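Visitor: Curious how this folds, go ahead:
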Amino acid sequence: MKTLRKLTLALIAMMIIAVPVAADEEPAFIALGAGATGVIADRTQGAAFNLEYRSDIDLWKIRPFVGGFATSDASLYGYFGFLMDIYFGRRWVLTPNTAVGAYTEGDGQDLGHVIEFRSGFELAYRFDDRSRLGVAIHHLSNAGIGSDNPGTETALLYYSIPLNSLFD
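Guide: Residues are numbered from 1 along each chain as shown. Next up, the predicted model:
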């Protein structure tokens, strides 16, 4: 719990000192991710593959997104949440995010409940065409609503493609 508090304080500090990006709006993105689950705690690891739609709707710098992942152990997680892009110059983007969704374990880890919450962040490099290449860490937990709450972490490499560039 102390680690979570330190992470939260660090994210708040980064938001305060972040350099705003140019006034132009960011587009919607399709984000593709690949990585592993169970990466921090002593858990069984499996490959994870992620797909997200990151909206261009701006709600006071907070944007909605929807996504899902599947693992090599046939676990599935679909979710909806909110994210915020924090820019450090033109190129570096930190994206803290949080989501809630439905999880089924398949042959993977039992996380204790079908409802799971996800929190984490992504650090990405922003290219001239606005596509991004980044790494992300997320924690999944049922927040104690289940009888068991083991939680798990994922580490993913993301490539985010501006949706408008797919149709130009």
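
Visitor: And the next helix or strand past the worst-scoring helix or strand of the chain on mean pLDDT?
Guide: Least confident helix or strand of the chain, by mean pLDDT, DSSP states H and E, is helix 2-17 with a mean of 59. Downstream of helix 2-17, the next assigned helix or strand under DSSP states H and E is strand 29-37.

Visitor: Quick check: mean pLDDT of that following strand?
Guide: Confidence for strand 29-37, expressed as mean pLDDT, is 96.

Visitor: Sheet partners, orientation included, of it?
Guide: Paired strands of strand 29-37, with direction, are strand 46-54 (antiparallel), strand 152-162 (antiparallel) (DSSP bridges).

Visitor: okay, these, which one's buried deepest?
Guide: Among these, ranked by average contacts under mean count of other CB atoms under 10 Å, first place goes to strand 152-162 (a mean of 20). For the C-beta atoms, the positions are set from N, CA and C on the backbone; glycine is no exception.

Visitor: after that strand, next one along is what?
Guide: The first helix or strand that comes after strand 152-162 along the chain, using DSSP H and E, is helix 163-166.

Visitor: Tabulate the CA atom coordinates of that next one in PDB.
Guide: Extracted as PDB, the C-alpha positions of helix 163-166 are listed here (Å, rounded to 0.1, in the frame of the first residue of the first chain):
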ATOM      1  CA  LEU A 163      -7.300   6.400 -36.000                       C
ATOM      2  CA  ASN A 164      -7.500   9.200 -38.600                       C
ATOM      3  CA  SER A 165      -4.300   7.900 -40.300                       C
ATOM      4  CA  LEU A 166      -5.900   4.600 -40.900                       C
END
